[in-house]
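Novice: Starting from these lines, generate the structure:
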Amino acid sequence: MATSMGADMSSTGSENTAENRTFDMVGMMDSLIGPNKHKHNEGTRQFGLPQPLKSREELLIEKGMESCTFKTVISCVLGFALGGVIGLFAASVDPVDPELAAKQKARDVLKDMGKRSLFHAKNFAVIGAMFAGTECLIESHRGQADWKNSPMAGCVTGGVIGFRAGLKPGIFGCAGFAAFSAAIDRYFHLH
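Specialist: Next up is the predicted model:
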């Protein structure tokens, strides 16, 4: 009798645990995906180290820095600076006629260097702004940030710049800028 009673209790106990597991599973599913869904740690990552919620100002700054306008302006400014340095370097290594060099004054040399630096700075600023703006617009339109955006932006930029000289230079500019953009993009993703 004791054994039958023990068997009854053990079967009741196992049914109870199975019911409890089922009830716990249903309760857990409801709390995760059902109508009684609880929001746990809203705004923080669910893996890795916990991070505090971002303030409204931080979110605004992050959104502003990811905008196409910001990327275009930054590329324009950095292109201007890089072009100025390249123009300065190009002016310093340009061969000079020895007769002309004897007659030139330091002021004339500095003026020439400034003109060349400004010429290169403006060109690099335009190219940087065109490329960054085009790439950002293509990425926004496609909704994907992958390897295709850079060559497409390079093709548009090179095509527009080359098209000023005609159709054939526009096609070559498109192909050249696209290939260069793809190569640079691939290099930076591999390293």
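Novice: Now do residue 171, the pLDDT please.
Specialist: On the pLDDT scale, residue 171 is placed at 96.
Novice: Now for it, how many residues are close by?
Specialist: Neighbourhood size, residue 171 [other CB atoms under 10 Å]: 15. In short, each C-beta sits where N, CA and C put it, glycine included.
Novice: Correct me if wrong: it contacts residue 162.
Specialist: Yes. In this structure, residue 171 is within contact of residue 162 by CB atoms under 8 Å, at 7.3 Å.
Novice: In this structure, which helix is the longest?
Specialist: Secondary structure of the chain per DSSP state H: the longest helix is helix 106-142.
Novice: And the average pLDDT for it is what?
Specialist: In the prediction, helix 106-142 has an average pLDDT of 93.
Novice: what angle sits between the next helix-or-strand element following it and helix 106-142?
Specialist: Once the chain leaves helix 106-142, the next helix or strand it forms, by DSSP states H and E, is helix 149-163. Interaxial angle of helix 149-163 relative to helix 106-142 (axes from the mean of the first three to the mean of the last three CA atoms, to 10 degrees): 130 degrees.
Novice: For the helix or strand following helix 149-163, what is the distance to the chain centroid?
Specialist: The first helix or strand that comes after helix 149-163 along the chain, using DSSP H and E, is helix 167-190. A distance of 18 Å separates the centroid of the chain from that of helix 167-190, by CA atoms, centre = their mean, to the nearest Å.
Novice: Show me which parts of helix 167-190 are buried, residue by residue.
Specialist: 169, 170, 173, 174, 175, 176, 177, 178, 181, 182, 185 (16 or more other CB atoms under 10 Å).
Novice: my read: the fourth one touches residue 162, true?
Specialist: Yes. Taking CB under 8 Å as the definition, residue 174 is a contact partner of residue 162 at 6.8 Å.
Novice: what's the first-to-last distance across stretch 50-70?
Specialist: 29 Å (CA to CA, to the nearest Å).
Novice: Averaged pLDDT, that stretch. What do you get?
Specialist: Regarding stretch 50-70, the rounded mean pLDDT is 90.
Novice: Give me the domain ranges for this protein.
Specialist: 56-133, 146-191 (automatic domain parsing).
Novice: So which of these is the most surrounded?
Specialist: domain 146-191 (a mean of 16; mean count of other CB atoms under 10 Å).
Novice: circling back to that earlier point, could you save the buried residues of helix 167-190 as JSON lines and add columns showing distance to residue 85?
Specialist: Output for the buried residues of helix 167-190, formatted as JSON lines (distance: CB to CB, whole Å):
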{"residue": "169", "distance to residue 85": "27"}
{"residue": "170", "distance to residue 85": "29"}
{"residue": "173", "distance to residue 85": "24"}
{"residue": "174", "distance to residue 85": "27"}
{"residue": "175", "distance to residue 85": "28"}
{"residue": "176", "distance to residue 85": "23"}
{"residue": "177", "distance to residue 85": "21"}
{"residue": "178", "distance to residue 85": "26"}
{"residue": "181", "distance to residue 85": "21"}
{"residue": "182", "distance to residue 85": "25"}
{"residue": "185", "distance to residue 85": "23"}
